[in-house]
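Enquirer: Sharing a model prediction with you, sequence too.
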Amino acid sequence: MEYNLADLFESVVDVVADREALVYVDHPGTGAERRLTYAELDAAANRIGHHLADSGIRPGEHLGLHLYNGVEYLQTVLGCLKARIVPVNVNYRYVEEELVYLYRDADLAALVFDAEFTDRVAAALPRSPKLRHLLRVGPPEAGATALPRAVPFTEAEAAGSPGRGFPARSGDDQFIIYTGGTTGMPKGVMWRQEDLFFAGLGGGAPTGEPVGKPQELAERVAAGGSGITFFPAPPLMHGTSTLTAFIGFNFGQRVVIHRKFVPEEVLRTVEKEKVTSMSLVGDAMLRPLIDALAGPMKGTDCSSVFSVSSSGAIMSETVRRQFRELLPGAVLLNNYGSSESGFNGTATQDSGAGQGFRIRVNSRTQVVDPATHEPVGAGEIGRVAQCGHVPLGYYNDPRKTAETFFEKDGRRWVLLGDMATVDEEGVVTVLGRGSQCINTGGEKVYPEEVEQALKSHPDVYDALVAGVPDATWGNHVAAVVQLREGAPAPSLADIQSHCRTQLAGYKIPRQLVITPSIQRSPSGKADYRWAREVAVSADR
């Protein structure tokens with residue numbers, strides 16, 4: 001047995017077969033749900049894995065998941081891993097041109113898609129010649145383009161064998177996570193499954209000692225009990241959510257998923273299912289939960305929640321404080337990581353506006369000079385890098401792979417996009433993405449720090465910060481702000497006065513744009529291209 005995700009999952013199934021593994025809640029208000037034990041989820045994944053293999057999808061070929069959250073998503077990922085087919089996440093917001101790019105860049109041989117995306121899939125197919133097998137989840141929608149090639153998922157599931165019987169697998173089998181798209185076209189991060197198990201899944205014990213051998217995972221599950229319920233709230237096509245689900249499976253615990261993020265429904269599920277651990281993406285998800293818990297869902301019993309973690313975006317100190325007032329028993333964790341590195345560390349409690357994102361990193365993480373790859377001195381700015389269990393590179397992109405991955409002292413490293421400093425005690429302060437850094441009058445401003453200050457204003461609901469070309473300063477700091485419902489519109493002077501209590505003068509916004517809503521990705525990540533376009537247009 002190797003550190004292969006399918007092998008590890010099956011080893012857990014064999015010791016907790018009758019334990020509930022997955023709870024799925026469908027559209028809000030329908031009351032529809034599905035519950036599968038570990039044995040039932042294993043058999044369902046076997047059926048899809050065998051169907052794909054019987055349909056000619058070979059080990060090492062790629063399958064796209066163009067789906068909302070659902071049993072079919074995790075069932076298909078597991079089925080792919082069992083059959084040694086490589087799962088690839090697809091952003092369901094993509095339109096034709098973006099889908100053509102991803103289908104082709106990822107060399108998809110098969111695609112599983114929700115019926116409501118049929119028209120978009122049909123439009124992209126003629127320019128995706130390698131895509132030869134389609135599975136449609138759900139009945140055809142009225143008026144949608146006919147796709148006679150698409151096999152109904154239920155038929156594929158019924159035809160596939162529920163038994164295992166797959167060829168031997170390896171820790172070298174791949175798992176690809178497509179990431180990006182807000183600053184350029186998406187990139188496919190290629191992981192060996194063994195590396196992903198340790199870097200992204202904590203080696204079977206995210207907060208403790210990783211397992212020393214593959215067999216130990218099932219031994220720990222058999223020796224432990226049940227009672228933990230994981231609830232990844234973002235879309236499963238966001239890597240963090242799928243990995244959170246797998247962490248739950250590796251513990252032999254229960255995983256709850258919703259088709260879409262609807263705050264009121266999330267809270268109802270937390271109460272009903274006694275959720276203990278939630279994962280989400282920053283303020284974009286935490287704020288609506290706070291509004292619901294303080295408003296229409298006031299009194300909802302969320303006492304079972306032990307931890308709420310965020311990755312991909314920061315939960316600002318202002319929003320965290322509001323949540324703690326409503327749910328003082330929950331621990332709030334700002335986790336730091338990426339699709340290219342897995343988990344790096346958790347923010348210290350003193351992180352906040354004016355302090356950056358301070359983390360105690362793991363032993364595999366350093367702040368290095370991007371040119372020499374040598375560690376920077378205390379207080380100097382460098383880029384975050386990680387060694388050890390890191391990806392193989394970017395699929396179909398040797399140039400970007402050469403820029404991001406490097407060898408040093410016989411170890412493989414990944415150079416992340418975040419700029420940071422490190423102090424004498426080894427605490428890292430993440431300043432922000434280097435690609436989003438604003439150079440204004442020779443000074444560098446990182447949007448995340450300014451955004452935290454903006455969000456602490458009582459009338460600001462959400463905010464993004466971008467640089468706008470400026471004849472005097474090169475660029476000036478522009479704040480794109482969504483106000484709280486019913487709040488009066490503050491003036492630029494009001495915003496500047498508020499920010500001066502937390503930020504140096506050169507970081508203060510010189511432009512304020514108020515917008516009805518802030519545009520983010522489905523997972524809650526900032527869309528800085530959009531923010532820059534809005535600010536530039538308003539400055540003309």
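Expert: Cool, the structure landed.
Enquirer: and stretch 327-337, what's its mean pLDDT?
Expert: Mean pLDDT, computed over stretch 327-337, is 90.
Enquirer: do the same with stretch 222-238
Expert: Mean predicted lDDT for stretch 222-238 stands at 93.
Enquirer: That stretch: end-to-end distance?
Expert: 30 Å (CA to CA, to the nearest Å).
Enquirer: Tell me the buried residues in that stretch?
Expert: Ile228, Thr229, Phe230, Phe231, Pro232, Ala233, Pro234, Pro235, Leu236, Met237, His238 (16 or more other CB atoms under 10 Å). Placement of C-beta: from N, CA and C, glycine included.
Enquirer: Just give me the closest of these to Leu65.
Expert: Met237 (6.7 Å; CB to CB).
Enquirer: Not including adjacent chain positions, what is the nearest residue to the closest one?
Expert: Asn89 (4.4 Å; CB to CB, 6 or more residues apart in numbering).
Enquirer: doesn't Ser241 make contact with the one you found?
Expert: No. Asn89 lies out of contact with Ser241 (CB atoms under 8 Å); the separation is 9.6 Å.
Enquirer: The longest helix seen in the chain - contacts with which helices or strands?
Expert: The single longest helix within the chain, with elements called by DSSP state H, is helix 38-54. Helices and strands touching helix 38-54, by 3 or more CB pairs under 8 Å, 6 or more residues apart in numbering; DSSP states H and E, are helix 5-13, strand 20-25, helix 71-82, helix 153-159.
Enquirer: Please, where are all the helices along the stretch 201-350 of the chain?
Expert: In the stretch 201-350 of the chain, the helices defined using DSSP state H, counting those that start in this stretch lie at 215-223, 239-250, 263-273, 282-294, 317-326.
Enquirer: per-domain residue ranges of this protein.
Expert: 7-260, 349-432, 437-539 (automatic domain parsing).
Enquirer: Dump the C-alpha coordinates for stretch 199-219 into CSV.
Expert: Provided in CSV are the C-alpha atoms of stretch 199-219 (Å, rounded to 0.1, in the frame of the first residue of the first chain):
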residue,chain,number,x,y,z
ALA,A,199,1.1,19.0,2.1
GLY,A,200,-2.6,19.6,1.6
LEU,A,201,-4.2,17.0,3.8
GLY,A,202,-1.8,17.1,6.8
GLY,A,203,-0.6,13.6,6.4
GLY,A,204,-3.8,12.3,8.0
ALA,A,205,-3.4,14.6,11.0
PRO,A,206,-3.5,18.3,10.1
THR,A,207,-3.0,19.5,13.6
GLY,A,208,-0.9,16.6,14.9
GLU,A,209,1.8,14.1,14.0
PRO,A,210,1.5,12.8,10.4
VAL,A,211,1.1,9.1,9.9
GLY,A,212,4.4,7.2,9.5
LYS,A,213,3.1,4.6,7.1
PRO,A,214,-0.1,4.4,4.9
GLN,A,215,-1.6,1.6,7.0
GLU,A,216,-1.5,3.8,10.1
LEU,A,217,-4.3,6.0,8.8
ALA,A,218,-6.9,3.3,9.1
GLU,A,219,-5.4,2.2,12.4
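Enquirer: Could I get the buried residue list for that stretch?
Expert: Neighbour-count burial for stretch 199-219 [16+ other CB under 10 Å]: 199-206, 211, 214, 216-218.
Enquirer: Between all of those, which two are separated the most?
Expert: Farthest pair in the buried residues of stretch 199-219, by CB to CB: Ala199 and Ala218, 20.9 Å.
Enquirer: Among the helices and strands packed on helix 38-54, show me which one is buried the most.
Expert: Per residue and on average, the most neighbours among the helices and strands packed on helix 38-54 fall to helix 71-82, with a mean of 26 (mean count of other CB atoms under 10 Å).
Enquirer: now it against strand 20-25, angle please.
Expert: Per axes from the mean of the first three to the mean of the last three CA atoms, to 10 degrees, the angle that helix 71-82 makes with strand 20-25 is 140 degrees.
Enquirer: Would you mind identifying the next helix or strand past helix 71-82?
Expert: Later in the chain than helix 71-82, the nearest helix or strand by DSSP states H and E is strand 86-89.
Enquirer: want to throw the domains of the chain into TSV with distance to Leu326?
Expert: Shown next, in TSV, are the domains of the chain (distance: least, CB to CB, whole Å):
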stretch	distance to Leu326
domain 7-260	17
domain 349-432	19
domain 437-539	16
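Enquirer: ok, of these, where does mean pLDDT dip lowest?
Expert: domain 349-432 (a mean of 87).
Enquirer: what's the offset of that one from the middle of its chain?
Expert: 19 Å (CA atoms, centre = their mean, to the nearest Å).
Enquirer: ditto for stretch 244-256
Expert: For stretch 244-256, the distance to the chain centre is 16 Å (CA atoms, centre = their mean).
Enquirer: again, but for stretch 317-332
Expert: With CA atoms, centre = their mean, you get 22 Å for stretch 317-332.
Enquirer: To Val305, which of the helices and strands packed on helix 38-54 lies closest?
Expert: Here strand 20-25 is closest among the helices and strands packed on helix 38-54 (CB to CB), at 15.8 Å.
Enquirer: Other residues contacting the closest one?
Expert: Defining contact as CB atoms under 8 Å, 6 or more residues apart in numbering, one finds that strand 20-25 is touched by 32-38, 40-41, 69-71, 74, 249, 254-259, 265, 269, 273.
Enquirer: Of those, which qualify as buried by neighbour count?
Expert: 36-38, 40-41, 69-71, 74, 249, 254-259, 265, 269, 273.
Enquirer: How about Arg383: what's its closest non-neighbour residue?
Expert: Per CB to CB, 6+ apart, closest to Arg383 is Pro370, 4.7 Å.
Enquirer: wait, what's in contact with the one you found?
Expert: Gly382, Arg383, Leu415.
Enquirer: ok, and the most crowded of those residues?
Expert: Gly382 (24 neighbours; other CB atoms under 10 Å).
Enquirer: wait, isn't that one in contact with Ala420?
Expert: Yes. The pair Gly382 / Ala420 is scored as a contact, 6.5 Å apart, by CB under 8 Å.
Enquirer: which secondary structure element contains the residue of the chain most remote from its centre?
Expert: Centroid-distance maximum for the chain: Thr472 at 38.6 Å, with CA atoms, centre = their mean. Using DSSP H and E, Thr472 maps to neither a helix nor a strand.
Enquirer: List the contacts of it.
Expert: Gly441.
Enquirer: and the gap between it and Ala466?
Expert: 17 Å (CB to CB, to the nearest Å).
Enquirer: for Leu201, same thing?
Expert: 35 Å.
Enquirer: before we move on, what about Ala504?
Expert: 18 Å.
Enquirer: more crowded one of the two?
Expert: Between Ala504 and Ala466, Ala466 has the larger neighbour count (other CB under 10 Å), namely 26 against 12.
Enquirer: Pull up the gap between that one and Val281, please.
Expert: 20 Å.
Enquirer: Over to Asp397?
Expert: 25 Å.
Enquirer: Check Lys272 too.
Expert: Distance from Lys272 to Val281, by CB to CB: 23 Å.
Enquirer: Just want to know which of these two has more residues nearby.
Expert: Each of Lys272 and Val281 has its neighbours counted (other CB under 10 Å); Val281 has more, 27 against 14.
Enquirer: which residues touch Glu445?
Expert: Rather than Glu, residue 445 is Val. Cys437, Ile438, Asn439, Val465, Gly467, Val477, Tyr506, Lys507.
Enquirer: okay, now the residue lying closest to the fourth one once chain neighbours are set aside: neighbour count?
Expert: It refers to Val465. Computed as CB to CB, 6+ apart, the closest residue to Val465 that is not its neighbour in sequence is Pro447, at 3.9 Å. Other residues near Pro447 number 26, with proximity taken as other CB under 10 Å.
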